[in-house]
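A.B. asks: Generate a structure from the sequence data that follows.
(one chain, ligands or ions: 1)
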Amino acid sequence: MKKVNGLLSPGFINCHCHLELSHMKGMIEEHTGLLKFVNQVVRQRNTHPEQIPTAIEQAEATMLKNGIVAVGDICNTTDTLFQKAKRKLYYHNFIEVIGFEPAQAAENFQTYKKVYDDYQQVFHPRQLSLTPHAPYSVSTPLWKLLSDFPGNHLLSIHNQETADEDEWFRSGAGGFKDLYERLQLQQAPVMPSGKTSLQTYGAYLKREQQLLFIHNVFTTAADIQYAKSRFPAAFWCLCPNANYYISNLLPDIPMFIEQQASLVLGTDSLASNYDLNIWSELLRIQKHFPQLTIDQMLPWATINGARALKIDHLYGSFEKGKKPGVVQVAGNEITRIY
Ligand SMILES: [Zn+2]
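C.D. replies: I've put the predicted structure just below:
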């Protein structure tokens with residue numbers, strides 16, 4: 001038998017990426033906080049449209065090199081479709097819906113439904129969802145349209161990424177109050193409820209909805225228990241490098257483990273990361289929580305991710321009948337063996 005250095009792992013699953021933002025690498029300043037970050041993405045994402053296709057192609061090649069075999073990818077546009085059609089990686093495409101003004105919910109829905117329809121030309125509906133962006137950027141009637149959309153067997157949502165989010169839902173104050181005023185909305189997208197963000201929008205979704213909560217920097221044990229009772233098959237996606245880049249804060253990961261939350265990993269986009277590399281995400285976690293071992297975290301990067309994207313019949317573990325890919329990690333050198 002041939003001996004290998006380091007460890008052999010099934011291919012990594014990246015549960016949260018925005019491949020279409022790959023041209024924004026290095027454009028946005030670090031540690032400014034979420035509200036400023038999102039503002040910069042909106043302002044700058046179209047400054048060099050000619051760079052978008054090449055950046056997408058290179059970013060996908062980077063993921064392949066880093067041992068990633070499947071991706072949960074957020075799409076506001078069809079920019080990535082040309083590359084995904086080459087089928088070099090498995091993708092679940094979350095067509096992401098944003099719409100602040102309640103009176104415009106139907107219009108907002110139609111805008112993104114068109115993007116969804118374009119993806120349907122290339123992808124089977126099981127690899128597609130029409131998904132909410134975040135609790136603060138989707139109006140209540142738009143939530144209803146998304147919750148009722150028949151193709152939405154799996155959803156993803158940017159959850160509790162900033163303290164301002166819960167502040168709005170609990171008391172109607174903070175950064176989102178200012179933002180809604182600046183946008184001169186006729187009505188706030190969602191009304192404060194006195195509860196946390198998750199414990200408010202959870203009621204808009206169908207019970208047992210399969211979903212991925214992304215970021216979760218301010219999620220509490222009570223939020224996890226609430227989600228467990230309503231959405232027992234939910235997964236919690238950690239994007240530690242992006243959290244570090246944007247706000248220099250990480251979720252309380254040991255608390256998630258204590259609460260027996262199902263954890264997975266994501267890189268987020270190159271607008272808020274230095275690389276698209278799941279192994280680097282594990283190393284970031286270890287830097288902040290040295291008590292966590294690679295053995296403990298490796299399932300988050302592999303089998304849990306495959307379960308979250310509903311592809312564990314093919315990916316995520318070395319089992320008969322699967323084609324999970326084989327990745328060697330020696331030191332921090334990643335080699336894709338198969
Ligand atoms: Zn994201």
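A.B. asks: Mind checking what helix or strand follows the helix or strand hosting H92 in sequence?
C.D. replies: Applying DSSP states H and E as the criterion places H92 in strand 90-97. Following strand 90-97 in sequence order, the next helix or strand is helix 105-120 (DSSP H and E).
A.B. asks: Next secondary structure element downstream of that following helix?
C.D. replies: strand 128-132.
A.B. asks: and for that following strand, what are the contacting residues?
C.D. replies: Contacts made with strand 128-132 from outside it, assessed by C-beta atoms under 8 Å, 6 or more residues apart in numbering, are listed as 74, 92-97, 112-113, 116, 119-120, 138, 142-143, 146, 149, 151-157, 201. Where C-beta positions appear, they are placed from N, C-alpha and C, glycine not excepted.
A.B. asks: For that strand, the averaged confidence score.
C.D. replies: Rounded to a whole number, the mean pLDDT of strand 128-132 is 98.
A.B. asks: what's the following helix or strand after that strand?
C.D. replies: helix 140-148.
A.B. asks: Alpha carbons only: can I get that following helix in CSV?
C.D. replies: What follows is helix 140-148, C-alpha atoms only, in CSV (Å, rounded to 0.1, in the frame of the first residue of the first chain):
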residue,chain,number,x,y,z
THR,A,140,-43.0,40.8,4.2
PRO,A,141,-45.2,40.3,1.1
LEU,A,142,-42.1,39.3,-0.8
TRP,A,143,-41.3,36.7,1.9
LYS,A,144,-44.8,35.2,1.3
LEU,A,145,-44.2,34.9,-2.4
LEU,A,146,-40.8,33.2,-1.8
SER,A,147,-42.2,30.9,0.9
ASP,A,148,-45.0,29.7,-1.5
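A.B. asks: ok, now which ones touch H153?
C.D. replies: H153 touches R126, S129, Q210, K310, counting by C-beta under 8 Å, 6+ apart.
A.B. asks: Most neighbours among the residues you listed, which one is it?
C.D. replies: Neighbour tally across those (other C-beta atoms under 10 Å): the maximum, 26 neighbours, falls on S129.
A.B. asks: which residues does it bridge with?
C.D. replies: Going by DSSP bridges, S129 is paired in beta bridges with F94.
A.B. asks: Confidence-wise, which helix or strand of this structure is lowest on average?
C.D. replies: Here the helix or strand of the chain ranked lowest by mean pLDDT, DSSP states H and E is helix 34-44, holding a mean of 86.
A.B. asks: and which of the contacts of H153 is nearest A105?
C.D. replies: S129 (18.0 Å; C-beta to C-beta).
A.B. asks: average pLDDT across the helix or strand harbouring A55?
C.D. replies: Element membership for A55 (DSSP H and E) is helix 52-65. Mean pLDDT, helix 52-65: 97.
A.B. asks: what about D295, how many residues close to it?
C.D. replies: Counted with other C-beta under 10 Å, D295 comes out at 8.
A.B. asks: For the strand or helix carrying it, name the packing helices and strands.
C.D. replies: Using DSSP H and E, D295 falls within helix 294-301. The helices and strands touching helix 294-301, judged by 3 or more C-beta pairs under 8 Å, 6 or more residues apart in numbering; DSSP states H and E, are strand 7-10, strand 263-265, helix 278-288.
A.B. asks: now for those, which one comes closest to A330?
C.D. replies: Short answer: strand 7-10, nearest of these by C-beta to C-beta, at 7.9 Å.
A.B. asks: Buried ones in the closest one, by neighbour count?
C.D. replies: For strand 7-10, burial by neighbour count (16 or more other C-beta atoms under 10 Å) applies to S9, P10.
A.B. asks: got a list of contacts for that strand?
C.D. replies: Against strand 7-10 from outside (C-beta under 8 Å, 6+ apart): 67, 69, 294, 298, 301-303, 315-318, 324-330, 337.
A.B. asks: now with 7 Å?
C.D. replies: L298, T302, Y315, G316, S317, F318, P324, G325, V326, V327, Q328, V329 (C-beta atoms under 7 Å, 6 or more residues apart in numbering).
A.B. asks: hmm, back to that, buried subset of the contacts of strand 128-132, written for ChimeraX?
C.D. replies: A single ChimeraX command selects the buried members of the contacts of strand 128-132 (16+ other C-beta under 10 Å):
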select :74,92,93,94,95,96,97,112,113,116,119,138,142,143,146,149,152,154,155,156,157,201
